[in-house]
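>>> sequence and computational prediction follow.
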Amino acid sequence: MKDKIDIPRILIGGDRSSAGKTTISIGIMSVLRDMGYKVQPFKVGLDFIDPSYHTEVTGRYSRNLDGYLMPESAVREVYSHAVEGADIAVIEGVRGLYEGLEATSDIGSTAQIAKILECPVILVINARSITRSTAALVSGYKSFDPEVNIVGVILNNIGSDRHGEKAREAIETYTGTQVIGEIPRNDSMKISMRHLGLIPAMEGRRRLPDFDENLSRIKTIIKEGIDIERFVSLAGSAQPLAKPEVDIFKPHSSANNPRIAVAFDEAFNFYYRDNLELLELAGAELVYFSPVNDSVLPKADGLYIGGGYPELFGRELEANTSMRESIKQASSNGLPIYAECGGLMYLTQEIKTDVSGSGNYHMAEMQGGTFSMVGALPGKTIMGHKRVVSYNVGSFVKDNVIGKAGASFIGHEFHHSEIVDLPEDTTFAIRLERGTGIKGELDGILEKNTFAAYAHLHAASYTGFARSFVDFCSNNGSSKKLKS
């Protein structure tokens, strides 16, 4: 059926944030790959770290789906584009199944994505210390929104065989919903935590000597505890989806096919796969480099520094003087530079991590001190106790490397840091209607052709991103310069 998408698909949702859906999802994806399936992973919401594990265990880039950030047409197109060549699609939810932007709608929730994609749902329940009550939970989740098709249950944190038997019997007797798995209470199912979430897979592989062993252990527990054949059968119950018109993932010609250098290493690896792919479809050649390990920038017509954890690599980033000087000189020379969150922090004068009252970030390895950064932007970064996690809604008030004044966007921000000691004449290119930004309603520092913001933008939501940046990098070599 050329006009239909007809591969098995299933969504793994949780009864709450701590249900254990991430490790269970990672384990299931890993087992399916071992069975010979080409697994296409997805993550509901704007998380960068869970998708890094999906990609690690499946060998296919995980994609983000967000019903607030993206219109329904974009959700369907991202899904349709990503599943080409896959045998099965597995979508990991976010938070509890029905948690979203508002109390009285499903906007931004896992449930919304399940309905947009007409996707069967497996509900993961944290069953610690409850048995018969699990049936009440399943009954409530199924009746709350009958349009959400909950087809099975996985019980997590099971303390004993008897515990699992009682919970299973209660659920299947009272709700008619099959329990397809029971996961024992086991510390092996935990992945090391960090102040913004899990350690990214790239850093985990480089820093943790038992990284592969931990993933293997999770896979074994999942293989023993979940009926994978039944899981695949339930995924196969999904009806074919109408294939959407291609609007976002269209190739575009570019005047000069500019080279864009992308910072990618243990300190900077928060990128949506769609952003990178759409830059390529817009005509860019991407070349990757490491601000931690490489000595200078590669030859390029533009620079993209995504988010990450520069605060955890302050000493290494400071020590790489030649790279910092290379980027500062490129910025001074007018090279188009776009930086998000961690990239913004790196481009400021310094990062200070030993801030009094900064709280517990769950990261004993963070180096205390003040570390010199690139210095291409005014201001200093401090790691504070404030934790900002929010969608942001805004518009450009000045032309910049990724858009013209007047263009609007929905994005998100996720950080512990603040930018301080900014001069009064600092130029900002973003005004926010919703969000925290750098200074009140202002975000996006603009200095020559360098543009850096706390806002993370998704190129399937703010569709002007890729073509604007590529066109700017393409034209910059001749006469086009920004005025700050």
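Received the coordinates, thanks. Bear in mind that the values here come from a model prediction, so they are computed numbers and not experimental data.

>>> would you map the strands across the stretch 101-250 of the chain?
Along the stretch 101-250 of the chain, counting by DSSP state E, counting those that start in this stretch, strands occupy 121-126, 150-158, 178-184, 193-194, 197-198, 241-242.

>>> Y309 and A267 touch, don't they?
Yes. Y309 is within contact range of A267, at 6.0 Å (criterion: Cβ atoms under 8 Å). Bear in mind the C-beta positions are built from the backbone N, C-alpha and C, glycine included.

>>> so these two - more neighbours on which side?
Applying other Cβ atoms under 10 Å to Y309 and A267 shows that A267 carries more neighbours, namely 25 against 22.

>>> how about the more buried one, what does it touch?
A267 is in contact with 291-292, 308-310, 312-313, 316-317, 342, 346, counting by Cβ atoms under 8 Å, 6 or more residues apart in numbering.

>>> one more: M373?
M373 neighbours (Cβ under 8 Å, 6+ apart): 310, 317-318, 324, 345-351, 381.

>>> any low-confidence regions in the protein?
1, 188, 190, 192-197, 355-365, 385, 477-484 (pLDDT under 70).

>>> try it again with 50
357-364, 478-484 (pLDDT under 50).

>>> hey, where'd the helices end up in it?
21-34, 49-58, 72-82, 110-116, 133-144, 161-175, 201-207, 211-225, 228-235, 273-281, 314-319, 321-332, 342-347, 464-476 (DSSP state H).

>>> other SSEs contacting the first one?
Contacts of helix 21-34 with other secondary structure elements, assessed using 3 or more Cβ pairs under 8 Å, 6 or more residues apart in numbering; DSSP states H and E, are made with strand 9-14, strand 39-44, helix 49-58, strand 88-96, helix 211-225, helix 228-235.

>>> quick check: end-to-end length of stretch 136-153?
By Cα to Cα, to the nearest Å, the extent of stretch 136-153 from end to end equals 13 Å.

>>> any residues touching that stretch, and which ones?
15, 97-98, 106, 111, 114-115, 118-125, 130, 134, 171, 174-175, 177-180, 230-231, 234, 237.

>>> show me which residues of that stretch are buried.
For stretch 136-153, a neighbour-count test (16 or more other Cβ atoms under 10 Å) marks 137-138, 141-142, 145, 148-153 as buried.

>>> now tabulate the residues you listed in a markdown table and tack on distance to D421.
Output for the buried residues of stretch 136-153, formatted as a markdown table (distance: Cβ to Cβ, whole Å):
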| residue | distance to D421 |
| --- | --- |
| L137 | 50 |
| V138 | 53 |
| Y141 | 49 |
| K142 | 54 |
| D145 | 49 |
| V148 | 49 |
| N149 | 53 |
| I150 | 52 |
| V151 | 55 |
| G152 | 54 |
| V153 | 53 |
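
>>> number of nearby residues for P298?
Using other Cβ under 10 Å, the number of residues around P298 comes to 13.

>>> that one against F289, yeah?
Yes. Taking Cβ under 8 Å as the definition, P298 is a contact partner of F289 at 5.2 Å.

>>> would you turn the contacts of A267 into a markdown table with distance to V44?
Listed next are the contacts of A267 as a markdown table, based on distance: Cβ to Cβ, whole Å:
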| residue | distance to V44 |
| --- | --- |
| P291 | 30 |
| V292 | 31 |
| G308 | 22 |
| Y309 | 23 |
| P310 | 27 |
| L312 | 27 |
| F313 | 29 |
| E316 | 33 |
| L317 | 32 |
| G342 | 23 |
| Y346 | 29 |
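
>>> okay, now the sheet partners of the longest strand along the chain, with direction.
Longest strand in the chain by number of residues (criterion: DSSP state E): strand 380-396. Taking DSSP bridges as the criterion, strand 380-396 sits next to strand 350-352 (parallel), strand 408-420 (antiparallel), strand 428-434 (antiparallel) in its sheet.

>>> the second one: how far from the chain's middle?
For strand 408-420, the separation from the chain centroid amounts to 14 Å (computed by Cα atoms, centre = their mean, to the nearest Å).

>>> again, but for the first one
Once both centres are worked out by Cα atoms, centre = their mean, strand 350-352 turns out to sit 25 Å from its chain's centre.

>>> hmm, who's touching it?
Residues contacting strand 350-352 (Cβ under 8 Å, 6+ apart): 310-311, 314, 345, 369-373, 380-383, 417.

>>> buried stuff in it?
For strand 350-352, by 16+ other Cβ under 10 Å, it's 350-352.

>>> over to the last one?
For strand 428-434, a neighbour-count test (16+ other Cβ under 10 Å) marks 428-432 as buried.
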